[in-house]
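# coordinates only, no sequence provided:
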């Protein structure tokens, strides 16, 4: 306590005033919690009870408007919907200074709600005095009360607390409804739907801090092992007497109720109510106790059910998909790929060799050799008989990177309508070398300047350690939010514990993949052993007649295990959903191979030649945007650009793990004042020309060894290639970063602001991408930020097919200066472009 405060409290009456103030604050806190939670969780006192005798915490006058809340929920809004509901999200921004981007996982809405042919989005930028509407559908996918994640997508605003949950429940879900209020004939409904209802609904354990879901499928619940111990057996007996036995008895009296019993329970019900052998009766009573135990006790969750039960449930999101793709993805430290972790030569992402900008603590997603599936082999694993263990996968990756495989963002590609089976592996150590040391102090070499908003004194980005758990989360796709969202949100972790029948030690990670403990030699051998997990995504939209293929375009991939630090250290990627029937061409001129002469192609790649089902081709380029990178220069943390006054503009900027700051090319330092930097001659700052064979670069940047273009004077940022007249799709994705919104421009080219048109093959179905759709052209996309993905469709070199270099850049000055720019290099023999979708003639 400050000395002035102590002196103040010595005055007569001040201590009593402070006590009253603290009591008022505490009462406000309690009233706030009472308003949030239902009476089932926080009871109200009886007004007739004297204050000194009240045992319940809440004033009965407080209205409970969100009865679906549970302990542990955030205090931000819990939006509620029923399974199958149509929902309208209304976004309204008042007079805040900052822009926001509202995003929601696992759902999508049309960019123009009233247009059936508008493309789908899952993120909406908003500015001062703007409002938007988005129409979405709530799906439960057979899971127990799934939670969907929504947020203002930037790292700054998630840090500030701008996030929440959309909770999908059964239509008759009522947490205040006790079992005693339900007629015995209807209690079978509680039994039949116990996998979708928390035990707290029954009134048996209304104050349980950890809710457990009932495990009532007959193969597991009836084959339980040891009986519960005291005092647990008292609660188990209550559940058996008040729920299980009345429900089974009612089922035998009423055929309609009997039909609602879970499979295998009819015989048990008959044994309970009909006279018979004493041994059978005794066994039935024991089975009832085991069922009750499964409904109550965490220890009952240890048994495993059918190995493929959960995959069967997840695969259901794909419907009858004819096209399957399988992706095997590793999350790994870059230094581990080179075997340099913990050494003086620790090697991470080299964002700029020319200016020694790098991140030695980087972690990335890496695509392992993939096996494709088709309609003839839609089974799990496709052509793969079994998954390789993590250590063998890592050994193969190290061999690839030792022979020239580049460090680049993960890019997955699949056609519209594809069912994607994704395996995510975690190769990270249990504790990462990041954050404060054992003494709680942060050494200077680890004290990054990429700060977040200062909402707490003395605690910011350097004071917490990066998570070693990982996730892989994709927006817009159809997916089970409990099992395939790549997050640990709300009560989804508990749902997973119920649905995959895992031990109680696993559910706390939700659909994330925790790291393997150092002493667990079995971890990483198979999905059931930890260290990896498999889930399913579907590139479809749900319509009454089934799943409709959707050409979603570019989608950002991120890890919600740590939405703050993971994107700062490179754990980002992209998924591109192209036309139905499309695939990477067999003769893909952008394919990479190892430098040791191996005939095998390196999987993935930020650039590819794509072949449509009709034989036409286009070039597919992806730019993954980073604007909040933690990096060093010369071994010390990179300072922020002078003139950047708030976190919106902090951190290193990059495309595809590459940066070329203009301040560096002009031989300046980021700490040089903004006004001084502007005095430099920028006439040739973007030039790749070199003065003579051994002369300097015209830009002022030093020639860089290993950079092929113009004898080492090309930028290290991406140089994308296309032939004159060739059809190009250029995708920008932003998996996570700062709040500052920006626009991306490509000089010399125009593109449609609304590149979607009715599907010629199915006019009533979802729209398809077309570079020539729409009535006007733009040269920049506005309001672009975290969790957004946009696609530009155009002909390389424009309608006149002019071969030259074209500048692509962020229009935001600090971000352009910070290195967000590159080139589209149009060269080679001209190409006659094919008609656009729908037979539209290009350059009409």
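Arrived safely, thanks for sending. Predicted model only: the values in this text are computed from it and were never measured.
# contact partners for residue 585?
Going by CB atoms under 8 Å, 6 or more residues apart in numbering, residue 585 touches 608-611, 617. For every residue, glycine as well, the C-beta is placed using N, CA and C.
# neighbour-wise, which of these leads?
residue 608 (23 neighbours; other CB atoms under 10 Å).
# picking up where we left off before, what's the closest of the contacts of residue 585 to residue 630?
residue 608 (29.7 Å; CB to CB).
# the closest one contacts residue 602, doesn't it?
No. Counting by CB atoms under 8 Å, residue 608 does not reach residue 602; the two are 11.7 Å apart.
# re the thing from before, can you redo the contacts of residue 585 as TSV with secondary structure, pLDDT and distance to residue 18?
As requested, the contacts of residue 585 are exported to TSV (DSSP: H, G, I helix; E, B strand; the rest coil; pLDDT from 0 to 100; distance: CB to CB, whole Å):
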residue	secondary structure	pLDDT	distance to residue 18
608	strand	97	67
609	strand	97	72
610	strand	97	69
611	strand	96	75
617	strand	95	75
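# before we move on, back to that, identify the contacts common to residue 608 and residue 602.
With CB under 8 Å, 6+ apart as the test, residue 608 and residue 602 both reach residue 591.
# what is the nearest of the contacts of residue 585 to residue 752?
residue 610 (18.7 Å).
# tell me the contacts of the closest residue to the closest one other than its chain neighbours?
Once flanking residues are discounted, residue 610 sits nearest to residue 620: 4.9 Å by CB to CB, 6 or more residues apart in numbering. Listed by CB under 8 Å, 6+ apart, the contact set of residue 620 reads 413, 576, 578, 607-610, 728-729, 731.
# rerun at 6 Å
608, 610, 729 (CB atoms under 6 Å, 6 or more residues apart in numbering).
# any chance of the contacts of residue 585 in JSON lines with distance to residue 357 as columns?
Output for the contacts of residue 585, formatted as JSON lines (distance: CB to CB, whole Å):
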{"residue": "608", "distance to residue 357": "27"}
{"residue": "609", "distance to residue 357": "31"}
{"residue": "610", "distance to residue 357": "32"}
{"residue": "611", "distance to residue 357": "37"}
{"residue": "617", "distance to residue 357": "36"}
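# any idea which of the residues you listed is the one closest to residue 109?
Using CB to CB, the shortest approach to residue 109 within the contacts of residue 585 belongs to residue 610, at 26.8 Å.
# name the residues linked to that closest one by a beta bridge.
When assigned by DSSP bridges, residue 610 has beta-bridge partners residue 584, residue 618.
# begin at 738, not 1, for the rest of this chat.
Done: numbering now begins at 738, and the last item shifts to residue 1347.
# surely it and residue 1353 touch.
No. Using CB atoms under 6 Å, residue 1347 is not in contact with residue 1353, being 9.3 Å away.
# separation between the residue nearest to residue 1347 and residue 1471?
From residue 1357 across to residue 1471, the span is 18 Å (CB to CB, to the nearest Å).
# residue 757 now?
Distance of residue 757 to residue 1471, given as CB to CB: 50 Å.
# the two: which has the busier surroundings?
The neighbour count for residue 757 versus residue 1471, taken as other CB under 10 Å, is higher for residue 1471 (31 against 10).
# and the nearest residue to that one once chain neighbours are set aside, helix, strand or coil?
Nearest non-adjacent residue to residue 1471, counting by CB to CB, 6+ apart: residue 1362, 4.3 Å away. Classification of residue 1362 by DSSP: H, G, I helix; E, B strand; the rest coil places it in strand.
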